[in-house]
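Trainee: Quick one: sequence and predicted model below, then my questions.
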Amino acid sequence: PKGTMAFTGKYEFEGDENYDAFVQKIGLPSDKVELGRNCKIVTEVVQNGNDFTWTQHFPGGRTTTNTFTVGKQADMETMGGRKFQATVKLEDGKLVAEFPNYRHTAEISGGKLVEISTSSGVVYKRTSKKIA
């Protein structure tokens, strides 16, 4: 049924579209831009009902973890390391979060994790393949 998407798993970066235009739009510092380019990020998701732990493992050992419950405000961290509060919603099987300067959606499509971030009309798409 709709609304019970199974996100749990480990996903490895496979490809992206519009990275440069997007990070320019959100004002990511150039050192972070280079770090993130074609970065083999591994995203680990643990879903327990509406509770999520969403961890991104970056090459070199850095990790970012966001823990949230669908429909409840949570403390989150952006790509650039900025802290903010957001309420993650579930719409048509997609997780939707309003970041300070972009809207982020995540869904499982064809066994892949597809994440789309939109800022002022620029759409950044990142696809990760399931590895565990």
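Mentor: Yep, that arrived. Numbering: from 1, shown residues only.

Trainee: ends of stretch 21-41, how far apart?
Mentor: Across stretch 21-41, the terminal residues are separated by 19 Å (C-alpha to C-alpha, to the nearest Å).

Trainee: which parts of it are buried?
Mentor: For stretch 21-41, the neighbour count (16 or more other C-beta atoms under 10 Å) marks Phe22, Val23, Lys25, Ile26, Leu28, Gly36, Cys39, Ile41 as buried. C-beta here means a position set from N, CA and C on the backbone, and glycine is covered the same way.

Trainee: which residues touch the third one?
Mentor: Applying C-beta atoms under 8 Å, 6 or more residues apart in numbering, we find Lys25 in contact with Asn101, Tyr102, Ser119, Ser120, Val122.

Trainee: excluding its backbone neighbours, what's nearest the third one?
Mentor: Read that as Ser119. Tyr102 (3.9 Å; C-beta to C-beta, 6 or more residues apart in numbering).

Trainee: give me the number of residues near that neighbour?
Mentor: Tyr102: 20 surrounding residues under other C-beta atoms under 10 Å.

Trainee: Any idea which residue is closest to the centre of the protein?
Mentor: The centre of the chain sits closest to Glu115, judged by C-alpha atoms, centre = their mean, with a distance of 5.7 Å.

Trainee: By mean pLDDT, point me to the weakest helix or strand of the chain.
Mentor: Using mean pLDDT, DSSP states H and E, helix 30-36 stands out as the lowest-scoring helix or strand of the chain, at a mean of 82.
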